[in-house]
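Enquirer: Output the structure for:
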Amino acid sequence: MKKAVLVAPTIFEYSDPHNLLELAKDTEEAGWEGFFICDHLLLDPDGQLGLADPSIMLGAIAAITDKVIIGSMVTPVSRRRPWKLAKEFASLDQLSNGACALVSGCWTRNFRTSGKIRTRKSWREKRMKARHHGEAAY
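Expert: Numbers count the residues shown, from 1 in each chain. Model (predicted):
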């Protein structure tokens, strides 16, 4: 891939889904090869900024484009339900005819601003306790 657009982050005018779709169409018409959007859970501590949902937006972009590779940058996998994320991106892969990319990672800033800092160990321990008692853990 030589040329791609990265909309980072999807706030302000790009929190409007119509603006993102228009930009995706323009990207494809210009002959660029990729269109990526940021996948942030929270960008400001007060939670006042509007954010377009990345999975929903990628689905809409996949429906209106044919040639560009689409994807998220950088999906914080550790903050998602693995089965839901897998289902979302499997559907996106089908909708985009295989032109979907999942770029995954973990942004420390997202953890800090959400007020729910957890280590893998504490999360795993909570899951194990819940499983032992037959409860759901989140």
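Enquirer: what packs against the biggest strand by length in the chain?
Expert: In the chain, taking DSSP state E as the definition, the longest strand is strand 69-76. Applying 3 or more Cβ pairs under 8 Å, 6 or more residues apart in numbering; DSSP states H and E, one finds that strand 69-76 contacts strand 34-38, helix 54-64, strand 100-105. From N, CA and C alone the C-beta is placed, and that goes for glycine too.
Enquirer: Quick check: neighbours of the shortest one in the sheet, parallel or antiparallel?
Expert: Partner strands and pairing direction for strand 34-38 (DSSP bridges) are strand 4-7 (parallel), strand 69-76 (parallel).
Enquirer: among the ones you listed, which is nearest residue 100?
Expert: Residue 100 sits nearest to strand 69-76 of all those, at 5.7 Å, using Cβ to Cβ.
Enquirer: Thank you, goodbye.
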